[in-house]
Every structure is written in structure tokens, then in C-alpha cells.
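Colleague: Just to be clear, the model below is a prediction. Sequence and coordinates:
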Amino acid sequence: MLQWAEGVIGGAIFFAGVLLSHTLFFGSLAFTRFGHIFYDTASAVQSRAGGGFKLDFSAAEINSRTPGMLERLFARLPLLSPEVRALAVKDLRMFWRDTTQWAQSVMFFGLLGAYIINLRNFTHQLASPFWIHAVAFLNLGACAFNLASVTTRFVFPQFSLEGRRLWIIGLAPIGLPRVVMTKYWLASISSLIVTLGLVTLSCYLLRMQWEDVAFFGAVITVMTFALNGLATGLGVLFPNLLESNPNKIVSGFGGTLCFVLSSVYIMASLALLVIGGGGYHSNIFWVTVCIAGFVLVSLAIGWLPMKLALARLEDFEA
């Protein structure tokens, strides 16, 4: 388009032809060579028998009763009870086998990761500490809003996706409260690994001091646990047990409320941190008040829905 606007018609036609050839080549591969892979993968997702390629960790996990990779991995965590390990493995398998779930997660965080990696291309232009911290706060906000989208899309419907099988889980010795807490910790730790890595990489590429990196890492850690607590708690308070499609579950009142509250929480948290100077303000009183306000808001937004949800589960079991 730039060459066309500059009058270089030959170069514009050449690159348009290159784009067209790539489209035709990979399109022909998709239409003629990947159909059987799609069919086998769809069959595996729908629990139908099928040979060839399967979207799973190994063939041994499908065709034998020997412990799979996930079982062996979680067996190395002695602090987890066997029933908690079994539930965590089940949730991870369900997430992995549903291609729409992890594909959207990759898209959410992949775009943000590509942006953060490209920060090194213009960090030399950020000579002022003000702009360095401004970009760091903007990256924190982008990562937090991305996390809010992920928790609303994937964490909120987890309880409802149990559906008609919920009574079976309710009769299990583990109990519904521990089931919900297991889902919460699994979602929190999984998302924390990604978000903390992205924020730390962002601060590193901005060449910030290590105490600044620790500050932003601590903030995104608190926000991760708060947003996951909000999504998990509201998912229990506003369930839709008759629906098996997570998109329809999220599009209801509970999912909308979850995203709205998550957005309000993120904006309030960023406002408190910026007003307080983000830990760099010379007025210690303002720093203390704003940081304490951020912690209290995070505690309320993450702990209160979980408390109400666990109380409801106890009444539900009774």
C-alpha cells in the first residue's frame, strides 16, 4: 500500500502477487492435506474412536491405563492430596482437549507477548524515567485487562461446565468447596506464570531497576489472584448448569457482571498506583495510603465473592 501511494506501481503489484501466491499455496495445503487431521482431532474432542493423529500428550495415555505425563508430573507434588491431584489433572485434560479453549488463550497472550518483545526496538527512545514508568504502567494495564478477559472467558464458566455431573462431584468425599478451591488455585497459578512472565519481561526490556521489576511483579501477582477469585466466586454465584457451551455461559448476566467488575477493579487499582507514584513518590504518606488502598480493594474483589460462593456451596450440599 505504501509503494502504491508513492507511485511505485511495479513494486506494489509484485508484493501483491507474492501475497496472493502465499495465500493460494497455504490455502491449497489446508484444503487438500489437513482434512484428516481435523477429523481425527474433532473425533478425539468428542470422545469418539479414531486412529491417526490425536490431540493428546501421548498415545500411551489413550491406549493404556498406565499413568500419563500429567499424573507423573503431579505425583511429584507431595503437598497435594490424591483427590486434588486427580481433579487438577482432569481439568487440565479437559482444557487441553478443547481446542477452542487453549487456542483463544494463545491468541490472547500471544499478541500481548509479541508487543512486549518488540519493546526492545524503541526502548532507546525512552530516555526519560517518566516515560519509562508510564510505558510500564500501560503494559501493566494491558496485561491486567488481558487477564480479565481470560478469567471471564475461561475461569468463570468452570463451575457451570460440570453441569449435570455436579451431583456426582457433590457426593464425592472431596466436597464441592474443595473442588471450587482447587479450580481457583489451578487457574490462579497457571495464569500467574504467564502474566508474571510478561510483566517481568516488559520491565526488563525497559531496562528498569530490579526493585521496580519486583514492584510491578508484586502488583500483577495480587491482581492475578484477585481477578481469579472474582471469576471463580461469581461463577458459583451465577451458575448455568443446563448449558454446555462456555460462550453462552459467559454471555449471561454473571459473565457480564464479572467482566464489568474486573474492568472497574483494574481501573481503580491503576488509579491508586499512579496517584501514589507507583512506589516512587516522594510523599511516603501518599505512597502508603495508595498501596494500602490497592491491597484492600484487591482483597475485597477477590475474597468476598469466594467467601459468598463457599457459603452457598455449603448450603447446596446440605
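Modeller: In hand now; what should we look at? Numbers count the residues shown, from 1 in each chain.

Colleague: List of residues touching stretch 130-148?
Modeller: 108-109, 112, 115-116, 119, 126, 191, 195, 198-199, 202-203, 206-208, 212, 216, 219-220, 223-224, 227, 259, 262-263, 266, 269-270, 273-274, 278, 280 (C-beta atoms under 8 Å, 6 or more residues apart in numbering). The C-beta positions use only the backbone N, C-alpha and C, and glycine is treated the same way.

Colleague: Give me the buried positions along it.
Modeller: 132-133, 135-137, 139-148 (16 or more other C-beta atoms under 10 Å).

Colleague: which secondary structure element contains residue 293?
Modeller: Residue 293 is part of helix 284-317, with elements assigned from DSSP states H and E.

Colleague: related to what we said a few turns ago, any idea which of the buried residues of stretch 130-148 is closest to residue 298?
Modeller: Within these, proximity to residue 298 (C-beta to C-beta) peaks at residue 144, which comes in at 11.2 Å.

Colleague: related to what we said a few turns ago, among the buried residues of stretch 130-148, name the ones in helices.
Modeller: Among these, the residues falling in helices (DSSP state H) are 132-133, 135-137, 139-148.

Colleague: of all these, which two lie farthest apart?
Modeller: 132 and 148 (24.9 Å).

Colleague: Show me the shaky parts of the stretch 1-150 of the chain.
Modeller: 40-68, 70-71, 74-76, 97-102, 119-127 (pLDDT under 70).

Colleague: Just confirm residue 156 contacts residue 231, I think it does.
Modeller: Yes: counting by C-beta atoms under 8 Å, residue 156 touches residue 231, with 4.5 Å between them.

Colleague: Common neighbours of these two, please.
Modeller: With C-beta under 8 Å, 6+ apart as the test, residue 156 and residue 231 both reach residue 258.

Colleague: who's more crowded, the two?
Modeller: Using other C-beta atoms under 10 Å, the more surrounded residue of residue 156 and residue 231 is residue 231, with 35 against 30.

Colleague: what's the more buried one sitting at in phi/psi?
Modeller: phi -70, psi -40 (degrees, to the nearest 10).

Colleague: In contact with it, which residues?
Modeller: 151-152, 155-156, 187, 258, 262.

Colleague: Can you list which of the residues you listed are found in helices?
Modeller: Filtering these for helices - DSSP H - leaves 187, 258, 262.

Colleague: Just name the closest of those residues to residue 301, please.
Modeller: Distances from residue 301 to those, taken by C-beta to C-beta, are shortest for residue 262, at 8.1 Å.

Colleague: My guess is the closest one contacts residue 152. True?
Modeller: Yes: using C-beta under 8 Å, residue 262 is in contact with residue 152, at 6.4 Å.

Colleague: Please enumerate the helices of the protein.
Modeller: Using DSSP H, helices in the chain cover 2-5, 9-33, 35-45, 59-63, 69-75, 82-97, 99-117, 129-150, 166-171, 176-205, 210-237, 246-250, 253-275, 284-317.

Colleague: Distance check, the closest residue to residue 237 other than its chain neighbours against residue 157.
Modeller: Distances taken as C-beta to C-beta, 6 or more residues apart in numbering put residue 309 closest to residue 237, at 5.6 Å, once the chain neighbours are dropped. Counting by C-beta to C-beta, to the nearest Å, the gap from residue 309 to residue 157 is 14 Å.

Colleague: Also residue 193?
Modeller: Counting by C-beta to C-beta - residue 193 and residue 157 are separated by 21 Å.

Colleague: which of these two has more neighbours?
Modeller: residue 157 (26 against 11).

Colleague: Could I get the contacting residues of the more buried one?
Modeller: Taking C-beta under 8 Å, 6+ apart as the criterion, residue 157 is in contact with 235, 240, 246, 249-250, 255.

Colleague: repeat that for 7 Å
Modeller: Residues near residue 157 by C-beta atoms under 7 Å, 6 or more residues apart in numbering: 235, 246, 249-250.

Colleague: Tell me the one among the residues you listed nearest to residue 303.
Modeller: Taking C-beta to C-beta as the measure, residue 235 is the one of these closest to residue 303, at 15.4 Å.
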